[in-house]
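need a structure here:
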Amino acid sequence: MIKTPPAGKDCTLTVVQGEGEVRLTVTGRLCVHNLAAVQAELRGILPRLGAGKLIVDLAGVTYLDSAGALGLARFKEEAGRRDLAWSYAGVSSETQKILDLIDLQALAAPPLKGAQKPGFVETVGEGTLDFLRDLSKVVVFVGDLVFALVYSLFHPRKVRWDEVLFYMRRAGVDAFPILGLMSLLLGLVIAFMSSLQLKQLGAVAYVPPLVGVAMVYELGPLLTAILVAGRSGSAFAAEIGTMVVNEEVDAIIVMGFDPMKFLAVPKVLAAMLVIPFLTVYATILGIVGGLIIGVVLLDLTVYTYIQDTRTSLALFDVVSSLIKSVFFAAIVAGIGCQRGFMVRGGAEDVGAKTTSAVVAGLFIIIIVDAMFAVALHYIR
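Coordinates of the predicted model:
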């Protein structure tokens, strides 16, 4: 029997050697505070032990923490290298729970590598996949929205017309001041800048047709769509996204309503009804801005300016502009609703999807506008 002095504060190690086996008895507290002293004593005992069976008796352990269990695991690992068959004795249930926490294989595993910055090819590939995934979601949403709009067309009594009127006021009437100011200033700028160049050619008379054609063909519908995308498209996304976060959309589904018909259809219908009027309003004020420049700086009469503008436009141009504005309205409102339904996180995701609604809406508007420009060129 070998009895060692206390290995540390409140801990004693006792070694009893017998025929073919060695019993190591640990008594007291084995914890982080005396672990260094215990490990030093164990390293001193180990060379004196021969090959055979090593029994570690923990019946006398009054306290064991994870540091002490790790020290025993390290000692067990070293004993195994010396051909000592290790076994525990007198292990209580609480002590066993602490011993089970230690996994030397996990501790020996190499540290995880930090995330590496993706290269150019990976970035392009991931961006392409994100775009395709987003495009597939948009296509699915467009199909559902078209179905809901067709259903509402044949069942007008099921449309929430009070909500349609509410969003018509928000998207239309509330946008009149800012849209009017922007259109008026845009007409002023176009007329003034074009007159500086046309004066050199003696072609000031072409300023009214230039402003009128630009506002009717492109700038009126496009400016209106951009403004509504920034005001109403983002508002639709934020409103529906907040409802998703607050689980109000789930509540609508539980009550038996279709969120597409209940939330998206009134917004899209309101935009499609009011944006053509906004387009006419913006076009007229843009032409008025050009009129101001023509009368004040170019010595044109009001009658001459209006007559030159009228003769440069045809009914087909006005109708095609209104049709284009209806498509823009559906895009702006639809993308805003679609991004709102995509919200899955908290307030941060609502902000991200709101920004995405504006960016995606403007992107699709530009593409559709280019398609209209090419198509109308061959139709005229």
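
Show me where the stretch 1-150 of the chain has its helices.
35-45, 66-81, 93-99, 104-108, 120-154 (DSSP state H, counting those that start in this stretch).

Quick one: mean pLDDT for the first one?
Think helix 35-45. Across helix 35-45, the average pLDDT comes to 77.

relative to helix 66-81, how tilted is it?
Inter-element angle recorded for helix 35-45 and helix 66-81: 20 degrees (by axes from the mean of the first three to the mean of the last three CA atoms, to 10 degrees).

helices or strands next to helix 35-45 in the packing?
Helix 35-45 is packed against strand 11-17, helix 66-81, with contacts defined by 3 or more CB pairs under 8 Å, 6 or more residues apart in numbering; DSSP states H and E. Quick note: C-beta positions are derived from backbone N, CA and C, even for glycine.

got JSON lines for the ones you listed, with distance to Ile253 and mean pLDDT too?
Below are the helices and strands packed on helix 35-45 laid out as JSON lines (distance: least, CB to CB, whole Å; pLDDT from 0 to 100):
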{"stretch": "strand 11-17", "distance to Ile253": "63", "mean pLDDT": "78"}
{"stretch": "helix 66-81", "distance to Ile253": "48", "mean pLDDT": "77"}
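
Low-confidence regions, the stretch 51-200 of the chain specifically.
51-52, 103-115 (pLDDT under 70).

the strands in this structure, which residues?
Listed in chain order, the strands of the chain (DSSP state E) span 2-3, 11-17, 21-30, 52-64, 84-89.

Next, count neighbours for Glu163.
Neighbour count for Glu163, taken as other CB atoms under 10 Å: 16.

My read is that it contacts Val268, right?
No. Taking contacts as CB atoms under 8 Å, Glu163 lies outside contact range of Val268: 11.3 Å.

Just give me the neighbour total for Leu35.
If we define neighbours as other CB under 10 Å, then Leu35 has 19 of them.

Next, work out how far apart it and Leu297 are.
Distance of Leu35 to Leu297, given as CB to CB, to the nearest Å: 91 Å.

Val26 too?
101 Å.

about what we covered before: so which of the strands of the chain is the most packed in?
strand 21-30 (a mean of 20; mean count of other CB atoms under 10 Å).

if we can go back for a sec, dump the helices of the stretch 1-150 of the chain to CSV, plus distance to Tyr281.
Conversion of the helices of the stretch 1-150 of the chain to CSV gives the following (distance: least, CB to CB, whole Å):
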stretch, distance to Tyr281
helix 35-45, 81
helix 66-81, 74
helix 93-99, 76
helix 104-108, 70
helix 120-154, 25
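
List just the one of the ones you listed that sits closest to Ile366.
Of all those, helix 120-154 sits nearest to Ile366, with 15.5 Å by CB to CB.

Pull the distance from the closest one to the chain's centre.
15 Å (CA atoms, centre = their mean, to the nearest Å).

try stretch 161-170
28 Å.

hmm, who's touching that stretch?
Ser232, Ala235, Pro266, Lys267, Leu269, Ala270, Ala271, Leu273, Val274 (CB atoms under 8 Å, 6 or more residues apart in numbering).

which of those residues tops the neighbour count?
Ala271 (32 neighbours).

Surely that residue is in contact with Ala330?
Yes. Between Ala271 and Ala330 there is a contact at 7.1 Å, judged by CB under 8 Å.

Buried residues, stretch 373-380. List them.
For stretch 373-380, the buried set under the neighbour-count rule, 16 or more other CB atoms under 10 Å, comprises Leu376.

for stretch 330-346, that is, sorry about that
For stretch 330-346, by 16+ other CB under 10 Å, it's 330-343.

Then stretch 139-154?
Phe141, Asp144, Leu145, Ala148, Leu149, Ser152.

what's the answer for stretch 156-163, then?
Judged by neighbour count using 16+ other CB under 10 Å, the buried positions of stretch 156-163 are Val159, Arg160, Glu163.

distance between it and the chain's centre?
32 Å.

Also stretch 65-80?
48 Å.

Give me the contact list for it.
30-32, 35, 38-39, 42, 46, 49, 54, 56, 86, 98-99, 101-102, 104.

let's see it at 6 Å
Stretch 65-80 has contacts (CB atoms under 6 Å, 6 or more residues apart in numbering) with 30-32, 35, 39, 42, 54, 86, 98-99, 101-102, 104.

How about stretch 21-40?
With CB under 6 Å, 6+ apart, stretch 21-40 has contacts from 7-12, 14-16, 49, 52-58, 60-65, 67-68, 71.

try it again with 7 Å
With CB atoms under 7 Å, 6 or more residues apart in numbering as the test, stretch 21-40 has contacts from 7-16, 49, 52-58, 60-65, 67-68, 71.

Same check on stretch 284-298?
Against stretch 284-298 from outside (CB under 7 Å, 6+ apart): 180, 183-188, 190-192, 195, 204, 207-208, 211-212, 215, 219-220, 300, 302, 305, 309.

Before I go, just wanted to say thanks for your time.
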